[in-house]
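Engineer: quick one: sequence and predicted model below, then my questions.
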Amino acid sequence: MSGAETILASLLIPLAGAVLILLASRGGDNLRETATMVTAIALAWTVWSLIPEVMDGGRPHLLMFQVVPGLEVAFKVEPLGMLFAALASGLWIVNSVYSIGYMRGNKESKQTRFYVFFALSLAAAIGIAFAANLFTLFLFYEALTLLTYPLVSHKGDEKTIRSARVYLGILLTTSIGLLLPAIIWTYLVAGTGDFTPNGILADNLQGPALGLLLALFVFGIGKAAVMPVHRWLPAAMVAPTPVSALLHAVAVVKAGVFSITKIIVYIFGVEHLFSSPSSGWLLYAAAFTIIVASLVALRQQNIKRLLAYSTVAQLSYVIMATAILKPLAEIGASIHMVAHAFGKITLFFAAGAIYTASKKTEVAQLAGIGRRMPWTMTAFTIGALSMIGVPPTAGFVSKWFILAGAFEADNYVAIFTIIASTALNAAYFLPIVFLAWFGREVEGAGPDHGEAPWPAVLALTTTAALTILFFIFNGPVVALESQIFGGSS
Amino acid sequence: MSALQPHLPALQVIVPMLSAPLVLLLRDRGLSWAATTLVSLCSFALAVALCLEVLADHRILYEMGSWPAPWGIELGVDAFSVLLLLVVNGASSLALLGAMGSIDRDIEGERQPLFYAAWLLALAGLNGILVTADAFNIFVFMEISALASYVIVSAGPNRRVLPAVFKYLIMGTIGATFYLIGVGLIYLMTGTLNLADMELRIHEVADQKPILVAAGFITIGLALKAAVFPLHGWLPNAYTYAPNMVTVFLAACATKVSLYILLRFDFFVFQPNLAGHDIQFAYFLMPLSLLAILVASTVAMFEPNLKRLLAWSSIAQIGYITLGASLVSLAGITASLLHMFNHALAKSALFLALACLGMSVRRLRLENIGGIARQMPWTMAAFVLAGLSLIGVPGTAGFISKWYLISAAYESGPWGIALVGVIIISSLMAVVYIWRVVEVAYFSKPADTVEIAEAPLPLLLVTWIAVALNFYFGLAASLPLDLSRTAALILMGHMP
């Protein structure tokens, strides 16, 4: 297959998969889950097959159609998007294994709808990853919001609906109210919205207006959860855990920070932005979010809410790294997307496994659970260490790059924030780990239980292993992302 | 066909008009429906043929009975007329194709042939307005279409339709009379009724009082017919209590055709000749448009009756159309005309979805459709998708016109940003009022346990065709865009 065909295929496979899942659901649950697995594997295979070409400096592209002159639905694979697509499609396989265990273990209703919308959401995520211009990006960004709504509101009770309304309300309001005007503004001043190396705004927009446009983009992309538009993320935790794991630790939130990084690198241009003081606020906004979200996480009693606030903080790591506006830091930003994805999906998987096995949702209930669920808690510990950034885990690698970039720019705010938040991360994760392993279980507090169903355990073990492996084998990713600046395109 | 080719503009009116009495003679409701649908489809085919011809060669002039203008009546078809001909005939055909069941519900059998005859007269009148190039002719067709639409609206099942239609009639008559007074004054001063001729002759008397008075009468009269805020009072109840299928038809085209006359008259006759008229026009229309957008969207956000909710949304959308026109720029008018087309697509799809709901729910109010998405999944899915187009989510037709409208507003000068702000705020309001319906339909508990079945297949099919068109023209917008841009060029071409 040529590059363009592969791009088309990776968009169509999840869509075809959704239809397949719908049809297969008539033939029983096992057939339906097989359809999901087949789709996930086919998608990952297709997406990953693009990697060699992109590594060699190729930029496959596909012009789908022209809506009106100047406004095209087009796709182009560049290193950032390649990484995001590879990550999302790869983790979908693991997540599907986990979903089977979780959804069956909890006897959730409407499982067919769940799997169908999951596949559709993946199609939207791939569309975001490969978008060649702002318009296409926006198209799939909105699609992702709408397609994940049925997943968030899955349970369908009063409380869930209220949270889902917050989710949809914030994401749609910011995207239509801020992101869309920003995109239109860009098209009007630059005459194009194509993602171009070194940006398209250098000759068109200077001074305070640049800072304002950046603000419209950063807060318009609500999925990146920069404070104060982060509230949808804790709200989204009412969703079943596989949704929180893949979508609200990987696909959706990463779509947010990925979009911001992509826009800063390919629309604003790193150097142009570095030389204009009006964009300096972004670093402080991200630093503020990191510190405050970590402080809020410190006070959370519910495991999933704690993880959500931790995600808010970790997303702003990526934003802050991008805002340092140095090549090393940009690479660090992209690597942190991967590192955080592995770690956080492991943590969510573990939280979901604990819920499935014991129906426990609060931190305080975890005392001594490590002895009942050793595999799960080992994985949880690895994920937590990665969040803190302890070697040998993935989190260390990305922090290393971000810190290197911060030193290169002599950016002491960033350095201080990283150090402070590392301490805070340790402060809210280590007590949980300690409690789970060394705490004493309250007698008769809950049912007698062991590990969660095996697919769930298999999935969380895999991602925990990935978290450690990424510490050692991160070379290809670094090489790929170095091309953002070095490679031709 | 080739023998008919030169007569297409005349046929566009004659076919539905002459069919109307024939339909009346068919005493059977099924037959009369079939005949009406067939005629409407033929009329749509004629519109398509005209569209192809206009795309090839821009403007068709036709002399009725071979009497040359300005003595004879002249028909003139250009991109602007074609754009609306497609909308009017398309909406009529879509509504009729799915109408059978819904009409049976609303109107008893023996009255149906009368109803269909009136429908065809309304269609003929609207087509007539769009093809003629004669100011008095426009009045005649305006009255034909208006009288016929009073009849079809009053066929609604609820008795409250009668005061609603009476209000519609009074307001419509005042509007038409104002227009007639204006045209009369101009005739007095220039001695001509042909629009092109008027444009040339009015120049000599442009500074005289009667012409200014005429401009005032015509603008206000047509604004009344087009439900420009604050002259919209007749619209919500007329749409709400009309039979569901009539709402589909009229919501898509009735007000837009009045706007068509307003723009055509203003840009052909007044703009080139009256000093400072463009500024007056902009200052008159822009504040009203902004008020329409904000006030009507706010009302829609709190309206529990579904049809009235969409009617208020229509008033807001008319605000978008007039806002684009009030910019008096090529980009603005293009956006305005494009929005006429795209809004018709979105609104007819939405009203069709409501008609589907109306098959099982007698009173279309929020509290009566709780949890209905479970029983009518296809209907509600269509409603959601059409709603996205109304909101202006990318990928839908609604997005394209909003994109152009925002670009035009942004380029219009220092106040452009404020206009952009209003457009965006009202888009968010649209999210709220569409989402209220969606949430109730998907998540509320059903009010009672009555078994509700999905709407009949033909109606559902038509609804989905309308939804598909919203997405088609959202991704391949070149046809309406070309027509709107050409039409805007024609209108702006008359500017001094």
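Structural biologist: Yep, it's here.

Engineer: if you drop the residues flanking it in sequence, what lies closest to the residue of the stretch 101-250 of chain B found nearest chain A?
Structural biologist: Minimum separation of the stretch 101-250 of chain B from chain A (CB to the nearest CB) falls at residue B:229, amounting to 23.1 Å. C-betas here are computed from N, CA, C, even on glycine. In this structure, residue B:229 finds its nearest non-sequential neighbour in residue B:292, 3.3 Å apart by CB to CB, 6 or more residues apart in numbering or on different chains.

Engineer: next one: the one you found from chain A, what distance?
Structural biologist: 20 Å (CB to the nearest CB, to the nearest Å).

Engineer: wait, a helix at that residue?
Structural biologist: Yes. Under DSSP: H, G, I helix; E, B strand; the rest coil, residue B:292 falls within a helix.

Engineer: what does chain A have sitting close to chain B?
Structural biologist: A:65, A:67-68, A:71, A:73, A:135, A:138-139, A:142-143, A:146, A:153, A:156, A:161, A:165, A:168, A:172-173, A:176-177, A:180-181, A:184-185, A:187-188 (CB under 8 Å from any CB of the partner chain).

Engineer: so which of these are in strands?
Structural biologist: A:65, A:67-68, A:71, A:73 (DSSP state E).

Engineer: how about TSV for those residues, with pLDDT added?
Structural biologist: Shown next, in TSV, are those (pLDDT from 0 to 100):
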residue	pLDDT
A:65	80
A:67	78
A:68	77
A:71	83
A:73	88
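
Engineer: looking at neighbours, which among those residues is most surrounded?
Structural biologist: In terms of neighbours by other CB atoms under 10 Å in any protein chain shown, these top out with residue A:67 at 24 neighbours.

Engineer: doesn't residue B:473 make contact with that one?
Structural biologist: No. Residue A:67 is beyond contact range of residue B:473, at 9.7 Å (criterion: CB atoms under 8 Å).

Engineer: give me the common contacts of the two.
Structural biologist: Common neighbours of residue A:67 and residue B:473, using CB atoms under 8 Å, 6 or more residues apart in numbering or on different chains, are residue B:400.

Engineer: setting aside sequence neighbours, what's the nearest residue to residue A:296?
Structural biologist: residue A:309 (4.9 Å).

Engineer: can you say which helix or strand has that neighbour in it?
Structural biologist: Assigned by DSSP states H and E, residue A:309 belongs to helix A:303-324.

Engineer: who are the packing partners of that helix?
Structural biologist: Packed against helix A:303-324 by the contact rule (3 or more CB pairs under 8 Å, 6 or more residues apart in numbering or on different chains; DSSP states H and E) you find helix A:232-235, helix A:241-246, helix A:252-263, helix A:281-298, helix A:327-358, helix A:394-408, helix A:412-438.

Engineer: go with 7 Å
Structural biologist: Helix A:303-324 sits against helix A:232-235, helix A:252-263, helix A:281-298, helix A:327-358, helix A:394-408, helix A:412-438, with contacts defined as 3 or more CB pairs under 7 Å, 6 or more residues apart in numbering or on different chains; DSSP states H and E.

Engineer: list of residues touching stretch B:34-49?
Structural biologist: B:8, B:11-12, B:15-16, B:19, B:23, B:26, B:85-86, B:89-90, B:92-93, B:96-97, B:116, B:119-120, B:123, B:127 (CB atoms under 7 Å, 6 or more residues apart in numbering or on different chains).

Engineer: circling back: could you pull up the residues touching the residue of the stretch 101-250 of chain B closest to chain A?
Structural biologist: B:288, B:291-292, B:295-296, B:315, B:319.

Engineer: most neighbours, which of those residues?
Structural biologist: residue B:319 (29 neighbours).

Engineer: so which helix or strand takes in it?
Structural biologist: In the assignment (DSSP H and E), residue B:319 maps to helix B:306-326.

Engineer: after that helix, which helix or strand is next? Please name it.
Structural biologist: Using DSSP H and E, the first helix or strand after helix B:306-326 is helix B:330-360.

Engineer: and that following helix, what does it pack onto?
Structural biologist: helix B:79-97, helix B:99-106, helix B:244-265, helix B:306-326, helix B:377-391, helix B:397-411, helix B:457-475, helix B:478-493.

Engineer: if we go to 6 Å?
Structural biologist: helix B:79-97, helix B:244-265, helix B:306-326, helix B:377-391, helix B:397-411, helix B:457-475, helix B:478-493 (3 or more CB pairs under 6 Å, 6 or more residues apart in numbering or on different chains; DSSP states H and E).

Engineer: got those helices as JSON lines, with mean pLDDT and distance to residue A:275 columns?
Structural biologist: As requested, the helices and strands packed on helix B:330-360 are arranged in JSON lines below (pLDDT from 0 to 100; distance: least, CB to CB, whole Å):
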{"stretch": "helix B:79-97", "mean pLDDT": "92", "distance to residue A:275": "48"}
{"stretch": "helix B:244-265", "mean pLDDT": "89", "distance to residue A:275": "48"}
{"stretch": "helix B:306-326", "mean pLDDT": "92", "distance to residue A:275": "39"}
{"stretch": "helix B:377-391", "mean pLDDT": "90", "distance to residue A:275": "39"}
{"stretch": "helix B:397-411", "mean pLDDT": "88", "distance to residue A:275": "26"}
{"stretch": "helix B:457-475", "mean pLDDT": "91", "distance to residue A:275": "39"}
{"stretch": "helix B:478-493", "mean pLDDT": "87", "distance to residue A:275": "39"}
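
Engineer: can you put the ones you listed in TSV and add distance to chain A?
Structural biologist: Shown next, in TSV, are the helices and strands packed on helix B:330-360 (distance: least, CB to the nearest CB, whole Å):
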stretch	distance to chain A
helix B:79-97	16
helix B:244-265	21
helix B:306-326	15
helix B:377-391	8
helix B:397-411	5
helix B:457-475	6
helix B:478-493	5
